[in-house]
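S.K.: model this:
(2 chains)
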2 protein chains.
Amino acid sequence: MAGSVGLVETETVRLFTAAQPLVLVSGATLGPVDVAYETYGRLNADRSNAVFICHALTGDAHAAGWHAGDRHPGWWDNLIGPGRPLDTDRFFVVCANLLGGCQGTTGPSSPHPETGRAYGLDFPLLEVADFVTVHRALLAHLGIERLLAVLGGSLGGMQALQWSLDHPEDLANALIVAASSRLTAQNIAFSAVARRAIMSDRQFRDGQYAAEGTMPAVGLAIARMMAHITYLSEDAFTAKFGRTSQFETRRRGFGIDFAVESYLDHQGTTFLERFDALSYLYLTRVMDYFDPFARPDALAAVEQRPVNHLVLSFDSDWRFSTDHALRITRRLEQARLPVTFREISSAFGHDSFLLADPVYHATLRAFLDRALEVGT
Amino acid sequence: MAGSVGLVETETVRLFTAAQPLVLVSGATLGPVDVAYETYGRLNADRSNAVFICHALTGDAHAAGWHAGDRHPGWWDNLIGPGRPLDTDRFFVVCANLLGGCQGTTGPSSPHPETGRAYGLDFPLLEVADFVTVHRALLAHLGIERLLAVLGGSLGGMQALQWSLDHPEDLANALIVAASSRLTAQNIAFSAVARRAIMSDRQFRDGQYAAEGTMPAVGLAIARMMAHITYLSEDAFTAKFGRTSQFETRRRGFGIDFAVESYLDHQGTTFLERFDALSYLYLTRVMDYFDPFARPDALAAVEQRPVNHLVLSFDSDWRFSTDHALRITRRLEQARLPVTFREISSAFGHDSFLLADPVYHATLRAFLDRALEVGT
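M.R.: Just a heads-up that it's a prediction; the model follows:
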């Protein structure tokens, strides 16, 4: 029977220092860089069962199991554990907080080594390839030379794709779920409005809010509320909330009345406890600029060293619709790479990638089981 | 050849006074109530050629022609004029700024008669039926007993529907375009976030910003930017902007770079010149609560005195999709009312109702010409 990985803790490791800094795609350098990560299961003797999980925009290293005192398990706990599709009796799973994040890995609200104040907007702009660089450094630290697979949803899927394109020698399989190789103008528009809300909050203080003992809570909550609208399908909103009031009788006015208003308010409020406004700016901007196939030689490396790909989309996902997945699939196919595409039927929109839809999980399970059989 | 109605002016009339106030559906009273309106064309001798235009959320009385100094004509100028579908050589067209609006008709930023300060949040909550009450008072003032047609898009279409249900004796035809009889949870969610942005702007000052010489510009611009995303289809955004930069070379960072960001910024900024934050709150909330068919006897009046309906939707409109139009159509059909439904193919989403798509305009023209033949 499928079970939990149980109690886990986040580790932190310094992977780059001021003397040996991280060199970003832009040419900028960054150091020190600490990385928070978790692992589940055990690395086998020939180090051939490692799967790297890349998290999405607001995820963190805590993908599975329970921290002491948790009210909820890790964000992908339904997928990872004994007997689960990412079976920790067989796979060794690694998940790290993203560079630029705010849950243990160095990001724009980390202290600048020279001033002791938060980097703020002095933090360098990042690219998805920079995330991959840091992930690779973590693997080196863990003594893993080659991954059985890299797996991610949304921004996580972008990392899996970039990794496959840039360093195919690192991986046998890449699982790209509910992702995009190129945001649309509408995708960018939503993030632009979110950033506007954050940056025009007077508590943003040019990114130095932490030093001034405040945070742009209003703007960050608005950003999160708006984003949540795009994470669910319209039908899911209707099924979950319809037009019912949150209360026994209607409270007409400009406060919360409809249940959907209460839901969004809750999403906005709880987000403030766990996420940082600067990280939101930096990571959404990484997504806007992501366009790996724009590079003429994008597929040259992986053509030489083929990686096996699984590309999944959800039919009700209107943030990254099946069109996005098909674009990725076609580009990989043009390079004659092994690529399996599946559109999963699910009512829940973009958020489906976090849910335990049986067909979705069966598809991941089958692909991962086969990967383990074939090996690295 | 189709032409402009030329130079026009907005008239204002006091339709209700403190002594003889407007009685709202809620039971609250409001007076004085001034109404700003425009007319185009001439009322014929038997007063049988009048068409009332109901405007959408951020529209106003200036539907056609030019004000002195205008850079753009009225918002529905492509539809209204000599030889245009609403041919002002044959039709007499009336358009009034909505109750609760901010372009000449009494609204929440109008002075409270007792304090001289803006009503602010003391302005009563409104319903679509209240708009209709005011429109009817304007018609009485103009000496029009019966309309050939009422026509509106989006919130305007809601008014046309409500008018037909509540006072079918007033009209021979109702044209309901890109509208809804019942917002979805997702529709409400977008408006809820917009209102949050406005009300949490510290310049909102509990709605008394005008008295304090300020306005919630940040919040209102965010609301408008977000709304604009929902007014265009994703394909229209892609076709209009794609991923191109607004500049000759990319300006990576958190300012404007992508053309779509510049567009939204412009929409947000120009909106501040012409719209009021309190009106935005009040009118969006009217839409949230609109649900005319929820009343068990909703169709009783119009069943006794049938009105001829045209219900139009646009296939790329994801704000009020064709599902909304079909729901209206089915309810009217259940009451055995004459109703023509058309889904117009258009790439431009909800905004299509403002554009001069040839099939759309031909459909309106044919319906209106037929209406004129049959008469009131």
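
S.K.: who touches A:D89 in this structure?
M.R.: Going by C-beta atoms under 8 Å, 6 or more residues apart in numbering or on different chains, A:D89 touches A:41, A:82-83. Every residue, glycine included, has its C-beta placed from N, CA and C.

S.K.: where's it, which helix or strand?
M.R.: Assigned by DSSP states H and E, A:D89 belongs to neither a helix nor a strand.

S.K.: Which single residue in the stretch 1-150 of chain A comes nearest to chain B?
M.R.: With C-beta to the nearest C-beta as the measure, A:L125 is the residue of the stretch 1-150 of chain A nearest to chain B, at 5.7 Å.

S.K.: Skip the chain neighbours and tell me the closest residue to A:D122.
M.R.: Nearest residue to A:D122, sequence neighbours excluded (C-beta to C-beta, 6 or more residues apart in numbering or on different chains): A:H112, at 6.6 Å.

S.K.: now swap in A:Q246 and tell me
M.R.: With sequence-adjacent residues excluded and distances taken as C-beta to C-beta, 6+ apart, A:Q246 is closest to A:S262, at 4.1 Å.

S.K.: ditto for A:E9
M.R.: What sits nearest to A:E9 in space, not counting adjacent residues and going by C-beta to C-beta, 6+ apart, is A:H67, at 6.9 Å.

S.K.: Measure how buried the one you found is and give me the count.
M.R.: The burial count assigned to A:H67 is 15, neighbours taken as other C-beta atoms under 10 Å in any protein chain shown.

S.K.: mind listing what it touches?
M.R.: Each residue near A:H67 by C-beta under 8 Å, 6+ apart is listed here: A:7-10.

S.K.: Mind pulling up the pLDDT for the most centrally placed residue in chain A?
M.R.: For chain A, the residue whose C-alpha lies nearest the mean C-alpha position (C-alpha atoms, centre = their mean) is A:A56; its distance is 1.4 Å. A:A56 is assigned 98 on the pLDDT scale.

S.K.: before we move on, the earlier item: helix or strand: which one has the residue nearest to A:Q246?
M.R.: Assigning secondary structure by DSSP H and E places A:S262 in helix A:259-274.

S.K.: Just the CA trace of that helix, in CSV.
M.R.: Provided in CSV are the C-alpha atoms of helix A:259-274 (Å, rounded to 0.1, in the frame of the first residue of the first chain):
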residue,chain,number,x,y,z
ALA,A,259,-17.5,31.7,-1.4
VAL,A,260,-15.0,32.2,-4.3
GLU,A,261,-14.1,35.6,-2.7
SER,A,262,-13.3,33.9,0.6
TYR,A,263,-11.2,31.3,-1.2
LEU,A,264,-9.1,33.9,-3.0
ASP,A,265,-8.8,35.9,0.2
HIS,A,266,-7.5,32.9,2.0
GLN,A,267,-5.0,32.1,-0.8
GLY,A,268,-3.7,35.6,-0.8
THR,A,269,-3.4,35.7,3.0
THR,A,270,-1.7,32.3,3.6
PHE,A,271,0.7,33.0,0.8
LEU,A,272,2.2,35.9,2.7
GLU,A,273,3.3,33.5,5.4
ARG,A,274,5.5,31.5,3.1
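
S.K.: Which strands or helices does the next helix or strand after it pack on?
M.R.: Once the chain leaves helix A:259-274, the next helix or strand it forms, by DSSP H and E, is helix A:277-289. On a contact count with 3 or more C-beta pairs under 8 Å, 6 or more residues apart in numbering or on different chains; DSSP states H and E, helix A:277-289 meets helix A:155-166, helix A:185-199, helix A:217-231.

S.K.: hmm, 7 Å instead?
M.R.: Of the remaining helices and strands, those touching helix A:277-289 by 3 or more C-beta pairs under 7 Å, 6 or more residues apart in numbering or on different chains; DSSP states H and E are helix A:185-199, helix A:217-231.

S.K.: interface residues of chain A facing chain B?
M.R.: A:125, A:182, A:184-186, A:188-190, A:192-193, A:195-197, A:199-200, A:202, A:218, A:222, A:225-226, A:229, A:234, A:237-238, A:241-243, A:252-254, A:258, A:260-261, A:264, A:281, A:285, A:288-289 (C-beta under 7 Å from any C-beta of the partner chain).

S.K.: Now, of these, which are buried?
M.R.: Burial by neighbour count, judged by 16 or more other C-beta atoms under 10 Å in any protein chain shown, picks out A:125, A:182, A:184-186, A:188-190, A:192-193, A:195-197, A:199-200, A:218, A:222, A:225-226, A:229, A:234, A:237-238, A:241, A:243, A:254, A:258, A:260-261, A:264, A:281, A:285, A:288-289 from those.

S.K.: Would you mind measuring from A:S4 to A:D130?
M.R.: Look at A:S4 and A:D130: by C-beta to C-beta, to the nearest Å, they are 33 Å apart.

S.K.: Of those two, which one has the most company?
M.R.: Using other C-beta under 10 Å, the more surrounded residue of A:S4 and A:D130 is A:D130, with 23 against 18.

S.K.: That one contacts A:G27, doesn't it?
M.R.: No - A:D130 is beyond contact range of A:G27, at 11.3 Å (criterion: C-beta atoms under 7 Å).

S.K.: where's the residue nearest to A:E9 relative to B:G101, distance?
M.R.: To B:G101, A:H67 is 52 Å away according to C-beta to C-beta.

S.K.: again, but for A:A45
M.R.: Distance from A:A45 to B:G101, counting by C-beta to C-beta: 74 Å.

S.K.: Now do the helix holding A:S262: everything it contacts.
M.R.: For helix A:259-274, the surrounding residues in contact (C-beta atoms under 7 Å, 6 or more residues apart in numbering or on different chains) are A:217, A:220-222, A:224-225, A:228, A:237, A:241, A:244-246, A:256, B:185, B:188-189, B:192-193.

S.K.: one more time with 6 Å
M.R.: When contacts are defined by C-beta atoms under 6 Å, 6 or more residues apart in numbering or on different chains, helix A:259-274 is touched by residues A:217, A:221, A:224-225, A:228, A:241, A:244, A:246, A:256, B:185, B:188-189, B:192.

S.K.: and it, how far from the chain's centre?
M.R.: Taking C-alpha atoms, centre = their mean, to the nearest Å, the mean C-alpha location of helix A:259-274 is offset from the chain mean by 20 Å.

S.K.: Which positions in it come out as buried?
M.R.: Within helix A:259-274, the residues scored as buried using 16+ other C-beta under 10 Å are A:259-265, A:267-268, A:271-272.

S.K.: same question, stretch A:294-306
M.R.: Buried residues in stretch A:294-306, defined by neighbour count with 16+ other C-beta under 10 Å: A:298-299, A:302, A:306.

S.K.: Can you verify my assumption that A:T363 contacts A:F341?
M.R.: No - A:T363 is beyond contact range of A:F341, at 10.7 Å (criterion: C-beta atoms under 6 Å).

S.K.: Report the separation between the residue in chain A sticking out farthest from the centre and chain B.
M.R.: Largest separation from the mean C-alpha position in chain A: A:T249, at 39.6 Å (C-alpha atoms, centre = their mean). Computed with C-beta to the nearest C-beta, to the nearest Å, the distance linking A:T249 and chain B is 14 Å.

S.K.: So that residue lies in a helix, does it not?
M.R.: No - A:T249 sits outside any helix when classified using DSSP: H, G, I helix; E, B strand; the rest coil, being coil.

S.K.: Return the distance of it relative to A:H72.
M.R.: 32 Å.

S.K.: Also A:S279?
M.R.: From A:S279 across to A:H72, the span is 20 Å (C-beta to C-beta).

S.K.: Show me which of those two is the more surrounded one.
M.R.: Legend: neighbour count by other C-beta under 10 Å for A:S279 and A:H72, higher for A:S279 (24 against 9).

S.K.: Quick check: phi and psi at the nearest residue to that one once chain neighbours are set aside.
M.R.: Counting by C-beta to C-beta, 6+ apart, the nearest residue to A:S279 once its immediate chain neighbours are dropped is A:C102, at 4.2 Å. Dihedral pair for A:C102: phi -140, psi 20, per degrees, to the nearest 10.

S.K.: Thank you, goodbye.
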